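Participant: need coordinates for the below:
(2 chains)
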Amino acid sequence: MSLRISRDLVERAQSGDTGALEQIVDQSVPLVLGWCSRLGGRGVDGEDATHDVFVIVVTRIEGLRDPDRFPAWLYGVTRGVVRRHRTRAWLRRWLGPLEREPVSPRLHPDDDLAAREVREHVWEILDALPLEQREVVVLADLEERSLPEIAELLGVPLGTVKSRLRLGRERFRALARKRKLDPIERHAAREAL
Amino acid sequence: MNDHDRLTSEIKEELLRARDVKGWLSSLPELDTRAIARARADARAMAGDPPRTSLVPKLVAAAILACAALLALRVGPDHREAPRAVALELAPSAAVTAAAPGVVLTPNGVGTVSGTEKNVVIDWQSGELGVSVEHGAGIALTVHTREADVRVVGTVFEVDRDVRGTRVRVTRGKVAVQCGGGGEAFLVVPGVDVTCMPLSGAGNLASARSLVAAGAPADEVLAAIDRGLGFAVEGDPVRDELQALRIETLANDGQRDAAIAAARRFLATGATLRRAEVARILLRLDYEIVGCAAATPLVVGELQTSPEDAPLLRACGALP
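Facilitator: Sure, this is the predicted structure:
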């Protein structure tokens, strides 16, 4: 999913055009919710984080200097919010349930047990990646964005994106192997039992 | 292995890695459309109107900042960056207002905003106020009403103040509410509404009347009246109004004995307001129970000049 928000729309939102701001919100919400859910990992309520992102967007869009860079700005805001939510989730894990634990949107009673197991492993592996690697893996391999597009979103050189992606994939694969996520290995492991 | 072979091998390896990772990631579910709809509605509520910063609040804020700057100069240099002051007048415009970075207000009533960007204080007079605060941004926000102090613990809540008191509804996160009158603070979570009752006789009278108008059960109305009687002292006209409403409520609820006793007590006191109404209720109840014999001289005396009671009084021989 790509965010196509024109400079004109952002400028109109900055000058107080309600309709423009609503259009931006409408277009951005699915993307931001996806980022929050996938980058947030376990313990982060994607909807809560999305809410916080849009509080910032609504109150600070006026201050965005270059409207052309809205997608990168939005990603930067989301990244900051996700980071804070992850810290809070981490603290919650160690300090006990100070707040309502978010209901995991990832489990569904109709899920096949094996598929659910794989999915939980994938979440855990994503969670285990450093944020820099996790975000490029999610943007490239889940959202299927081009590397130049990712570089622009993150505001880093293309080479950095490539190296982070390579390291992220390597680590992902290593962790997946360790958990015997490969279908053939899983089958072999079951047979051995 | 020559350079070409090494490069080919590396590319193949990278493609394999990408294929594997993509394959595993594809096991993750699509975004829940209901979650998207909820998040969209939530965000749209914030974006419904542009962040409003009119000139007057800006001027007030600028004046406060200037004073703060002068004060800082007098006191001496402080290298810490102090949070900026905020000052806004909220009017019933229902426009979304960016009170401070990370704080979005949806006012539909009257109030003022003061404090700093990191410690926002809202004095809310009346009407409905939606409050949305960025989670974990170190913002302390408190809404004061006459009946309640609502302190942000979570993110989104509404404060609605009218004659019936101050209602707090939490959409997301938590808020701490402390009702006036020395009550303990407690946490309010989504799905739970809390109402802090008025802290005056007049407030409770208005609350009771609005409950009657809304068809609320007699118990609720009587509870509001009794709270009001606790605030209204002897001689306060509000007390007479509350007592008259209490008698009417008891009578309408079928609690005739209690209504008759209360009406007799009321008429025996020097209450000046609502005497005729109470006497009429008493007469009607007496008449329903024991007929004309119960239409006491006291009641007849109260109603002698009221033409609308003439038929009943005449029927009982109290009028020619």
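Participant: got the domain boundaries for the chain?
Facilitator: All of this refers to chain A. A:1-105, A:108-193 (automatic domain parsing).
Participant: look at chain B instead
Facilitator: B:3-47, B:55-196, B:201-315.
Participant: among the ones you listed, which is nearest A:Val156?
Facilitator: domain B:3-47 (19.3 Å; Cβ to Cβ). C-betas here are computed from N, CA, C, even on glycine.
Participant: mind checking the longest helix of chain A?
Facilitator: helix A:70-95 (DSSP state H).
Participant: quick one: buried residues of that one?
Facilitator: A:70-75, A:77-79, A:81-82, A:84-86, A:88-89, A:92 (16 or more other Cβ atoms under 10 Å in any protein chain shown).
Participant: that older thread, now the domains of chain B in a markdown table, with mean neighbour count, mean pLDDT and distance to chain A?
Facilitator: Converted to a markdown table, these look like this (neighbours: other Cβ atoms under 10 Å in any protein chain shown; pLDDT from 0 to 100; distance: least, Cβ to the nearest Cβ, whole Å):
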| stretch | mean neighbour count | mean pLDDT | distance to chain A |
| --- | --- | --- | --- |
| domain B:3-47 | 15 | 74 | 4 |
| domain B:55-196 | 18 | 72 | 4 |
| domain B:201-315 | 17 | 80 | 30 |
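Participant: mind putting those domains into TSV with distance to A:Arg60?
Facilitator: Formatted as TSV, those follow (distance: least, Cβ to Cβ, whole Å):
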stretch	distance to A:Arg60
domain B:3-47	12
domain B:55-196	6
domain B:201-315	39
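Participant: re earlier: most tightly surrounded among the domains of chain A?
Facilitator: Mean neighbours per residue, mean count of other Cβ atoms under 10 Å in any protein chain shown, is largest over these for domain A:1-105, with a mean of 19.
Participant: is that one in proximity to chain B?
Facilitator: Yes: counting by Cβ under 8 Å from any Cβ of the partner chain, contacts between domain A:1-105 and chain B involve A:13, A:16-18, A:21-22, A:24-26, A:28-30, A:32-34, A:37-38, A:46-52, A:54-60, A:62, A:81, A:84-85, A:88, A:99-100, A:105.
Participant: among those residues, which ones are in helices?
Facilitator: Using DSSP H, those in helices are A:13, A:18, A:21-22, A:24-26, A:28-30, A:32-34, A:37-38, A:46-52, A:54-60, A:81, A:84-85, A:88.
Participant: can I get the domains of chain A in TSV with mean pLDDT?
Facilitator: As requested, those are exported to TSV (pLDDT from 0 to 100):
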stretch	mean pLDDT
domain A:1-105	80
domain A:108-193	79
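Participant: B:Val168 is nearest to which of those?
Facilitator: domain A:1-105 (17.3 Å).
Participant: pull the distance from the closest one to the chain's centre.
Facilitator: 10 Å (Cα atoms, centre = their mean, to the nearest Å).
Participant: what's the answer for stretch B:210-228, then?
Facilitator: 17 Å.
Participant: what's the end-to-end length of that stretch?
Facilitator: Using Cα to Cα, to the nearest Å, one end of stretch B:210-228 lies 14 Å from the other.
Participant: for stretch A:61-68, same thing?
Facilitator: 12 Å.
Participant: contacts for it?
Facilitator: A:Arg7, A:Val10, A:Glu11, A:Ala13, A:Gln14, A:Leu21, A:Ile24, A:Phe70, A:Trp73, B:Pro51 (Cβ atoms under 8 Å, 6 or more residues apart in numbering or on different chains).
Participant: hang on, isn't the second one packed against A:Ile24?
Facilitator: Translated: A:Val10. Yes: using Cβ atoms under 8 Å, A:Val10 is in contact with A:Ile24, at 6.9 Å.
Participant: distance to B:Val120 added to the domains of chain A, as CSV?
Facilitator: Output for those, formatted as CSV (distance: least, Cβ to Cβ, whole Å):
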stretch, distance to B:Val120
domain A:1-105, 12
domain A:108-193, 30
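Participant: ok, the nearest residue to B:Phe231 once chain neighbours are set aside - contacts?
Facilitator: Excluding the flanking residues, the one nearest B:Phe231 by Cβ to Cβ, 6 or more residues apart in numbering or on different chains is B:Gly201, at 4.2 Å. Listed by Cβ under 8 Å, 6+ apart, the contact partners of B:Gly201 are B:Gly228, B:Leu229, B:Phe231, B:Ala232, B:Asp236, B:Val238, B:Arg239, B:Leu242.
Participant: likewise for A:Val156?
Facilitator: So A:Val156 contacts nothing (Cβ under 8 Å, 6+ apart).
Participant: now B:Arg164
Facilitator: Here B:Arg164 is in contact with B:Thr195, B:Pro198, B:Ala206, B:Ser207, B:Ser210, B:Leu211 (Cβ under 8 Å, 6+ apart).
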